[in-house]
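> Fold the stuff below for me.
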Amino acid sequence: MFCPQGMIINGSDYLFQALDHKVFIKEVKILVPPSWNGSYHKARRETYKKARIIIEPPQPSFGDDPYTKQMKGCGEESEYTHFTPDFLLNDGLLDAYGPRGRVFVHEWAHLRWGVYDEYNEKEPFYFSATQEVQPTRCTREITGQLLERINGNTLSCRNNVQSGLPTKECQFFPDREQKTNASIMYMQSINSVTAFCHEGDHNTEAPNMQNQKCNYKATRTVIFQDSVDRDALQTLTPLQSSPPPPTFSVIQRRHRVVCLILDVSGSMRGNRMSRQQQAATLFLSEIVEEGAYVGIVTFSTGANILNPLMEINGKASRDSLIEKLPTIASGSTNMCTGLARGFEVLKEDDQSTVGDDVIFLTDGEATDDIAGCLDSAVASGAIINTLAFGPDASTVLTTMATLTGGSFVKANDSLISNQLVEAFSSFTMSDGDPIKQTIQLVSTGRVTRDWFNGTVPIDRTVGNSTTFTIIYERSAPTVYIQTPSGSVYDQRHITDNTNTITLNVPGTAEPGDWKYSFLNTESTAQAMALTVTSRAARNDVPPVTVQAQMNQQTSDGTKPMIVFAEVSQNRVSVLGAKVIATLQSDTGHSENLYLLDNGAGADNLKDDGIYSRYFTKLRTGRYSLKVEVTDHKEDTKKKVSPSRYSSALYIPGYIVDGQVQLNAEKPPITDLSAEIQEDTVFLNWTAPGEDFDQGTAESYEIRWSEHLEMLLNNFSNANLVNTSALQPQEAGSDEQFSFLSGVTIQNGTTLFFAVQSEDKEVMRSEVSNIARVTKFVPTPRPPAISNPGLNLTAIVVSVCAVTIVACVIAAVTTWAMKRKKVITV
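Take a look at the predicted model:
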């Protein structure tokens, strides 16, 4: 049995009970990592990118807390829910969070229906209308005691002399046995809780997120009146008997198989043909992943296979495909003929198109009846991404992309907009490992008579395979690119082919601001466009990435349009960045928006790494969205606290028969990492705080050993590091500490490190995760950096409410070494 299976089975029963016998889980598909051996069904259109439930090792700010990323507002579907393998496997966490099936329903309500938590870790207590101190909760019928936990003992809470409320050390310990059945969004761990808070139970006084974000509505009211399922939930008749348990199947997506189906009809003559060639060249040279299989088909009056499936295996294979790209256009536009020939290519590896990938580009209305091959496209099982080049492409392309799980992108003819290049760059197939992905750093264009100047910031997380690609209109400009330290790349370092100049930066690009200057050597103005791409600098440090989206695909004027951009590093939020969104319509209207992470206006939460802004100057047309992040400095990056996201509440303990039963404390440090330079050790971790993720710890104790077992079993006897100069920072801050080990560290030596924090009451935390580092002295020409191969598993869940069928993809990412823990035979 795969480890989430029991959670989902029990969660389905709990969900059925909580929502009046109308909703249950029907089907679950588990997408296992490409690297796993075994007999699995082939994935159809389930991909990691569409994942809504993520299961992966803990993030540094959250530990094993289950949480849901809620980017939008009340009643809106959220981005994803996150569980860790330890949460799914460690029964020691059940007392603190409650049964896993109940936690699943708590997070599902965040994810699907956009409700919020009914507790508040930052304001755990408040004065009621009768001036009584009350825990922040829903309902008020939940009983318990207010206690402090000091050195393993519990004492009555003290009050803050200024606020009159309990001090920050005070916690609410609920009675294990309760008489109320609400509420799941407050404390699902209590046995009697089987319902969402309704208006009769709802505590409008509580200073919690549910009240703040949902205009003081009860969670059940939001689910039944404002959520995506509101119409069905209000009209469905409850089932009269228990539903069947969910069905489970295990599927796998191995290597990517993609076919470029390119329009070479007469309307593509001239600049459009050149743009197609230039954009496809960048896709083949920089974007498509190593190990993928790629074929090329063209269509006009007929269709031709220019290249059968070829594995991407280094530069030679990429160059070979680029040489086959079409350059001549003529004839009509028989799209179905091209699509059929593309399916032939996709079948070359396993006689099937299921789960394969299509990039279908055309600039015009179909000569044939493309609607006539829509059914066969859907039945193929392939993911079809359609790219409309220019204003006249068939509207059926949008429908085809939607029904096959692909993307529809519209690009104009303008070189300076660079939209076609950006469209090709967006067609990636992630397996959940950001180390493998190509990151677009810059995409910009200009018409100039003389100089085209600018700056490309490259941070320390990227730098491998860095490429500057300059596309020009008529004649090659003079190229001048300067590194942060002053070195210069010019005409001696570039290649020039089909009006495209390419500079491949050798090794790892130097971090900092790269300056570029391109001089137009013509006497008249010409257009130029620049695209800069890169990959992770190290195989153990994920790159900083940006994910942008709108809150809705179309607008009828009833709801404002909002632009969102999430800036993160492996799900850890990056704060203090300058984020500018550019929206450009196909009618020529362009608007720049400075996105904010201030918790006001369109922004849901302050300092959560999600930058937002209302887009009020909407005009008729289809808009493209581009986001640029600048002014990102190393000292602006900060990990956020767990309270920033919606999360199941961790219960410190319960009152049972008048006695306190304590649960295990949360481990405070989960992201300790180490690095060795010569004989100096550099440690990094996130400050845990004095009380969970609040306040500031008093001190740290750091120990190391050459033996892992010493730190695991006998931490206090390992080598002690002098930390007298280390002053702990506020919870959530980046801690950095370096020291000389006192011994000569030989090349190839592996050392292990761990940290323990202490608060003002001399209470010690649990020992942190153990960081491992090996000293490696590189040769003058370092070997290529390899990828560690993150394993990922995804779960597709069909939720049924008699006639409701809502599909959610959930992904699990875990290291290969975790596999035996994740699967039970």
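> For the rest of this, base every contact and every neighbour count on C-alpha atoms.
OK.
> Leaving out chain neighbours, which residue sits closest to the spatially most central residue of the chain?
Residue closest to the average C-alpha location in the chain (C-alpha atoms, centre = their mean): R571, at 5.8 Å. When the adjacent residues along the chain are set aside, R571 lies closest to Q59, with 7.3 Å between them (C-alpha to C-alpha, 6 or more residues apart in numbering).
> do the same with T281
I322 (5.7 Å).
> next structured bit after the host helix or strand of the one you found?
Secondary structure from DSSP states H and E places I322 in helix 315-323. Once the chain leaves helix 315-323, the next helix or strand it forms, by DSSP H and E, is helix 335-346.
> And the average pLDDT for that following helix is what?
Helix 335-346 shows a mean pLDDT of 97.
> on that earlier part again, to which secondary structure element is the residue nearest to R571 assigned?
Counting by DSSP H and E, Q59 is part of no helix or strand.
> Look up how far S573 lies from it.
The gap separating Q59 from S573 is 11 Å, by C-alpha to C-alpha, to the nearest Å.
> Only C-alpha atoms, please: export stretch 329-339 in PDB.
This file holds the C-alpha atoms of stretch 329-339, laid out as PDB (Å, rounded to 0.1, in the frame of the first residue of the first chain):
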ATOM      1  CA  ALA A 329       6.800  28.200 -46.900                       C
ATOM      2  CA  SER A 330       4.100  27.500 -49.500                       C
ATOM      3  CA  GLY A 331       0.700  25.900 -49.900                       C
ATOM      4  CA  SER A 332      -2.500  25.700 -47.900                       C
ATOM      5  CA  THR A 333      -3.100  25.000 -44.200                       C
ATOM      6  CA  ASN A 334      -4.200  21.400 -43.600                       C
ATOM      7  CA  MET A 335      -3.900  21.200 -39.900                       C
ATOM      8  CA  CYS A 336      -5.500  17.800 -39.400                       C
ATOM      9  CA  THR A 337      -3.000  16.300 -41.900                       C
ATOM     10  CA  GLY A 338      -0.100  17.800 -39.800                       C
ATOM     11  CA  LEU A 339      -1.600  16.500 -36.600                       C
END
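> got the contact list for that stretch?
Residues from elsewhere that reach stretch 329-339, judged by C-alpha atoms under 8 Å, 6 or more residues apart in numbering: 261, 263-269, 273, 297-304, 360, 364-370, 373.
> before we move on, the earlier item: could you count how many residues lie near the residue nearest to T281?
The local packing of I322 (other C-alpha atoms under 10 Å) involves 19 other residues.
> just to revisit the earlier point, going through the contacts of stretch 329-339, which ones are buried?
261, 263-268, 273, 297-303, 360, 364-366, 370, 373 (16 or more other C-alpha atoms under 10 Å).
> Counting only helices, which of those make the cut?
M273 (DSSP state H).
> what's in contact with the helix holding I322?
Applying C-alpha under 8 Å, 6+ apart, the contact partners of helix 315-323 are A280, T281, L284, S285, I296, N307, M310, E311, I312.
> quick one: which of the residues you listed is nearest I54?
Of all the contacts of helix 315-323, I312 has the smallest distance to I54: 28.8 Å, by C-alpha to C-alpha.
> isn't the closest one right next to Y293, touching?
Yes. When contacts are counted by C-alpha atoms under 8 Å, I312 is listed as touching Y293 (6.0 Å).
> For the stretch 601-750 of the chain, give me the ranges with low pLDDT.
Residues of the stretch 601-750 of the chain meeting the criterion pLDDT under 70: 631-644, 665-668, 689-694, 748.
> can you pull out the strands in it?
610-615, 623-630, 646-647, 653-656, 659-662, 673-677, 680-686, 699-705, 719-720, 734-740, 750-758 (DSSP state E, counting those that start in this stretch).
> From the contact counts, what lies against the longest one?
What it means is strand 750-758. strand 699-705, helix 708-713, strand 771-774 (3 or more C-alpha pairs under 8 Å, 6 or more residues apart in numbering; DSSP states H and E).
> How far does the last one sit from its chain's centre?
So the one you mean is strand 771-774. Distance, stretch centre to chain centre, for strand 771-774: 27 Å (C-alpha atoms, centre = their mean, to the nearest Å).
> Dump that strand to PDB, restricted to CA.
Taking Å, rounded to 0.1, in the frame of the first residue of the first chain, the C-alpha atoms of strand 771-774 are listed here in PDB:
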ATOM      1  CA  ALA A 771      24.100  18.300   7.900                       C
ATOM      2  CA  ARG A 772      26.700  16.300   6.000                       C
ATOM      3  CA  VAL A 773      29.500  17.800   4.000                       C
ATOM      4  CA  THR A 774      32.600  16.300   2.200                       C
END
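> Just the residues contacting that strand, thanks.
For strand 771-774, using C-alpha under 8 Å, 6+ apart, the contacting residues are L672, S673, A674, E675, I676, G748, T749, T750, L751, F752, F753, A754.
> What's the local residue count around the second one?
Here the count is done by other C-alpha under 10 Å, and S673 has 19 residues near it.
> measure the residue lying closest to R137 once chain neighbours are set aside to R149 for me?
Distances taken as C-alpha to C-alpha, 6+ apart put Y119 closest to R137, at 5.2 Å, once the chain neighbours are dropped. Distance, Y119 to R149, by C-alpha to C-alpha: 19 Å.
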